[in-house]
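>>> Sequence and predicted structure are below.
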Amino acid sequence: MLDDDELTNRWESCTLGRPITHEEHLRIARLLVHRHGQHHATRRLVDATRANCEAMNAVERFDERLTRRWSERIADAVASGDGATFEDFIAVHPELTRSDLLGPPAWKTPERGRGAA
């Protein structure tokens, strides 16, 4: 398993070569918030999520609004206290493990265009 730094760096540079799990996306988002603060982390998450969807030939799975909502929610969780490790973070914020917490992605909704960027 890649550590958070290597996972994040490879994902941001689109060199991971595979889709990521929800947990991995949480790890990446948490680290980016720590590294760059909420505003820059959000920009990086949106840009890299789009780029990775393109690299995986899954452009239809990119949902900018949902990515922004998740970035804000994770930044709020980090600001409220997240512990020293990702495991600590999840222990304090277990609700984040629910990938449906902020609603379904646009590509899973009946009206494809709603919510998509």
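Yes, it's here. Numbers count the residues shown, from 1 in each chain.
>>> which residues sit in contact with the residue most central in space within the chain?
For the chain, the residue nearest the mean C-alpha position is His25 (4.0 Å; CA atoms, centre = their mean). Each residue near His25 by CB atoms under 8 Å, 6 or more residues apart in numbering is listed here: Trp70. The way it works is simple: take the backbone N, C-alpha and C, and place the C-beta from them, glycine included.
>>> Got phi/psi on it?
Backbone torsions for His25, taken as degrees, to the nearest 10, come to phi -60, psi -40.
>>> Give me the local confidence score for it.
Looking at His25, its pLDDT stands at 97.
>>> same check, this time on Pro105
Value for Pro105, per-residue pLDDT: 82.
>>> Is it in contact with Leu66, as I believe?
Yes: between Pro105 and Leu66 there is a contact under CB atoms under 8 Å: 5.3 Å.
>>> so what's Arg44 closest to, chain neighbours aside?
The shortest distance from Arg44 to any non-neighbouring residue, by CB to CB, 6 or more residues apart in numbering, is to Leu32 (5.4 Å).
>>> show me the contacts for that neighbour.
Taking CB under 8 Å, 6+ apart, we find Leu32 in contact with 8, 40-41, 44-45.
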